[in-house]
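Participant: how does the following fold in three dimensions:
(chains A and B)
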There are 2 protein chains.
Amino acid sequence: MSDSKPLHMSPEEFRRQGHAVVDWIADYYSRIETLPVLSRVPPGEIRANLPKHPPQQGEPFERVFADVERIIMPGITHWQSPNFYAFFPTSTSGPAILGDLLSTGLGVQGMLWSTSPACTELETHVLDWLVPMLGLPEKFLSSSTGGGVIHDTASSASLCALLAARERATQYGSNRKGCDGRLVAYASTQTHSSVEKAVKIAGLGSDNLRAIEVDQNFALRTDALARQIDADKKAGLVPCFVCATLGTTSSNAIDPVREIGRLCRENNLWLHVDSAMSGTAALCPEFRFLHDGVEFADSYCFNPHKWMLTNFDCDCFYVADRKHLIQTLSVLPEYLRNQATESGAVIDYRDWQIPLGRRFRSLKLWFVIRHYGIEGLQQHVREHVRIAQQFADWVRDDSRFELAAPVLLNLICFRLRSGDDENQKLMECLNQSGSLYLTHTKLDGKFTLRLCVGQTNTKSRHVERAWQLIQQTAAQLDKS
Amino acid sequence: MSDSKPLHMSPEEFRRQGHAVVDWIADYYSRIETLPVLSRVPPGEIRANLPKHPPQQGEPFERVFADVERIIMPGITHWQSPNFYAFFPTSTSGPAILGDLLSTGLGVQGMLWSTSPACTELETHVLDWLVPMLGLPEKFLSSSTGGGVIHDTASSASLCALLAARERATQYGSNRKGCDGRLVAYASTQTHSSVEKAVKIAGLGSDNLRAIEVDQNFALRTDALARQIDADKKAGLVPCFVCATLGTTSSNAIDPVREIGRLCRENNLWLHVDSAMSGTAALCPEFRFLHDGVEFADSYCFNPHKWMLTNFDCDCFYVADRKHLIQTLSVLPEYLRNQATESGAVIDYRDWQIPLGRRFRSLKLWFVIRHYGIEGLQQHVREHVRIAQQFADWVRDDSRFELAAPVLLNLICFRLRSGDDENQKLMECLNQSGSLYLTHTKLDGKFTLRLCVGQTNTKSRHVERAWQLIQQTAAQLDKS
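Facilitator: Residues are numbered from 1 along each chain as shown, chains lettered A, B, ... in the order given. As a prediction, this is how the structure comes out:
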């Protein structure tokens, strides 16, 4: 590095380069539909284009930034394309990107209230806003016994819920004494893999996770759950935790939370409700049936980064009684002691999560809620549900295809009647076309395509074109 | 929302507002020294200024953004002020902010290689670059048996290391069968609180974490560790994990990794090395003594978000043998199956971490390394160490004060000789002045001030002024 070049980027240089990056992003969204949705590079190709050794001297920003287009872009699968229907989306939006930019620019770390009061208080406030917005029970409010916190993902939320459940069931002994192999957790066969991962991490062991059978709609069977709890109790085990899902990953199935909740209450089990994808739908009164029975939950989460236009990562995690969570996750070394904490008048969110440090994530969520307003968010959800229902009708009207599960909201599970191989081929052809990206699951043992309408800019015309392409491709496969 | 207003922000509107946010951040860094470092708001004041209810209709971006200055800024503790000396810093830089902005704009989620090959391959590549840059052992390279991954924080890295250790010690049985209360972990009395938290989370129980005594420099005593391991084995317990720290939070103490490593190898214990703050110093050959013995480590982490100019969150976590980590954290539900994964030719980083989803964090790290180059990063570290040593000299030369621990790198632990109350008062006066922010710890049972020189823009003049203020404030306290 020559002596004439300052080490750090000056505010003026930052301003200039920042405008260039913003312009690039604006242009990216303008051209995104011209790019193949699923990246086409083979394994190793991106690395092969990167220099083997890091640079000895610093390089001009322009040169670094140019390599994004040249080296990185071919290796991008475009999650923000309106033709992205895979997995569940992680949808973003202009206000979310700018709120996150502001968070990055401020660079505060909100582990304690005192390390930036606004970081904690805005988070508490916005999570309180969401309680009535989603028709959630009042006990989740910070002004009641509970409260909300932003986690990175629903995986982390499930883990924290399980840890609090484990502690409560052992009368706050498992943190100190460790697990004893008698604790049992329950979920359905359709529950997200993160619950199995959490059960392993928390030391219960996956042998102590019961995968409860589901009904014809892939929803957990409460009668089977009740039988299993009884059997485990008789065997001298200690049931402690149930995860119910509102909108499973495979097929958007809705577990009967009210029934499960009653059962949990009778048996003193912690009920965690995972509504990662579908929770956002409850913004609309007509979809609020989703949250029926959630007043029985000890904890609940949904992901604004999925369908509520707030970029990844942003999971909102609520507890009905915050003292269980805090007692479970609290640490207080000398170097973190401070007056505000000791006064008891503030929330220190480091006691509500796994890591110590935390970003100022509520800024992006606040920007989104204010930019769209409740009505704008509702309009967004309604339009996606409308489009998805239209797609489901097209599937119903084509005798080559069948729907594999009820289409409740914005996820369509469908397949060719002609069998697994044909469906797998269909999916591969569609994804290789670059025109769209969708993924699969297995339902009733059969290979099933999943199309989720959830990306910010997905409109009727995109889904129409997707269906045309699916029909054409199916016809070509049928001929060959 | 009126019909005339489009629901989503258009690319052109994003461009305009994005420039405004970039300008605001540039201006923020220009004026940051005029702001009180530690926020002065009392608990509840930020919330009191926020509207009680979320807006029904969307609001213009200008109005939302104006509230940042009006409502949020008084509640910010300025981590990016050059007068921030508290805790450990989370330093950012122009290229890091812009790399992160790009990540947010692209909005990709890199749980699998296939969900954006560039997100995975750039991460692997940049983490490989850092191995020789820091003088780390070759086994940490992805081309060897190991590899690196970006986590949010060192807390998460420690937890994953412990989980892999737990699995290895139980011959891959604890994930399935749960913990049995016989596993034991070891750290020093000075180890970060995240290790205690990890031991609780992983179901070992904090009763099974041994806090090993330290020597006069606050470094772990290997003889005490050896005795404890023997005692535990004789008691029928199963020692499985040691965390050694290179640069403890309280005083930057350096545990003797080579000796500890030999002991771990003899006893088949997993050695995790936490170098969250100080690892960055090893960029300079003259400070590479830090990493002496790291070849004995099974895992290692350091945080570029602390001292390597890459904004939070960015922890680099390495393992010597990736199969232990992957076997421990892997899940593969049907809906995540894909050809690339099944080929075995790619890394799927969701098996290297707690959550499933992940941001494209390597972009910011790549931008930083290229912007500064190895020499620029070295220059940055050297200057901070030089300034910190100068500060230590000033403390030595003032008979009212004493150093409480060796000053190895950029952290100075010091105190007035006159006792705890005086030191606490001194800290409170300094922080209330708004001119700087520092925090405390206890060493040898005494209240001790910590001053860490690590914020990006901290220069000699800031530390000179800090010392003047400390001297003046001490003199005033002495008089009153």
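Participant: alpha carbons only for contacts and neighbour counts from here, please
Facilitator: Noted.
Participant: quick check: mean pLDDT of stretch A:27-40?
Facilitator: For stretch A:27-40, mean pLDDT rounds to 98.
Participant: in chain A, which spans are strands?
Facilitator: A:147-151, A:183-188, A:209-212, A:238-245, A:270-274, A:299-302, A:315-319, A:401-403, A:411-416, A:439-443, A:446-452 (DSSP state E).
Participant: buried stuff in the fourth one?
Facilitator: Of the residues in strand A:238-245, those scored as buried under the neighbour-count criterion (16 or more other CA atoms under 10 Å in any protein chain shown) are A:Val238, A:Pro239, A:Cys240, A:Phe241, A:Val242, A:Cys243, A:Ala244, A:Thr245.
Participant: OK, contacts around the spatially most central residue of chain A?
Facilitator: Centroid-nearest residue in chain A, with CA atoms, centre = their mean: A:Asn303, separated by 4.4 Å. Residues in contact with A:Asn303 (CA atoms under 8 Å, 6 or more residues apart in numbering or on different chains) are A:Thr153, A:Ala154, A:Ser275, A:Ala276, A:Met277, A:Gly279, A:Thr280, A:Cys314, A:Asp315, A:Cys316.
Participant: now, which of these sits nearest chain B?
Facilitator: Within those, proximity to chain B (CA to the nearest CA) peaks at A:Thr153, which comes in at 6.3 Å.
Participant: count of neighbours near A:Asp416?
Facilitator: You called it Asp, but residue A:416 is Leu. Other residues near A:Leu416 come to 23 when the count uses other CA atoms under 10 Å in any protein chain shown.
Participant: please name the nearest non-neighbouring residue to it.
Facilitator: Spatial nearest neighbour of A:Leu416, excluding adjacent residues (CA to CA, 6 or more residues apart in numbering or on different chains): A:Phe401 at 4.3 Å.
Participant: for that neighbour, give its distance to chain B.
Facilitator: As defined by CA to the nearest CA, to the nearest Å, A:Phe401 lies at a distance of 20 Å from chain B.
Participant: surely that residue touches A:Phe414?
Facilitator: Yes: counting by CA atoms under 8 Å, A:Phe414 is a contact partner of A:Phe401 at 6.9 Å.
Participant: okay, domains of chain A per the record?
Facilitator: A:108-359, A:368-479 (automatic domain parsing).
Participant: go through those and name the closest to B:Gln80.
Facilitator: Among those, domain A:108-359 comes nearest to B:Gln80, with 7.4 Å by CA to CA.
Participant: can you give the distance from the closest one to the centre of its chain?
Facilitator: Mean C-alpha position of domain A:108-359 versus that of the full chain (CA atoms, centre = their mean, to the nearest Å) differs by 13 Å.
Participant: picking that back up, ok, A:Phe401 and A:Phe414, which is more surrounded?
Facilitator: A direct count of neighbours by other CA under 10 Å for A:Phe401 and A:Phe414 places A:Phe414 higher, at 25 against 17.
Participant: so what's the more buried one up against?
Facilitator: Neighbour list for A:Phe414: A:Val395, A:Phe401, A:Glu402, A:Leu403, A:Ala404, A:Ala405, A:Thr448, A:Leu449, A:Arg450 [criterion: CA under 8 Å, 6+ apart].
Participant: which one (most neighbours) among the residues you listed?
Facilitator: Most neighbours among the contacts of A:Phe414, by other CA under 10 Å: A:Thr448, with 29 neighbours.
Participant: can you tell me how far it is from A:Asp393?
Facilitator: Distance, A:Thr448 to A:Asp393, by CA to CA, to the nearest Å: 17 Å.
Participant: kindly report the same for A:Leu269.
Facilitator: 41 Å.
Participant: of the two, who's got more company?
Facilitator: Neighbours were tallied for A:Leu269 and for A:Asp393 using other CA under 10 Å; the higher tally belongs to A:Leu269 (26 against 13).
Participant: what sits against that one?
Facilitator: Taking CA under 8 Å, 6+ apart, we find A:Leu269 in contact with A:Ala165, A:Ala169, A:Pro239, A:Cys240, A:Phe241, A:Val242.
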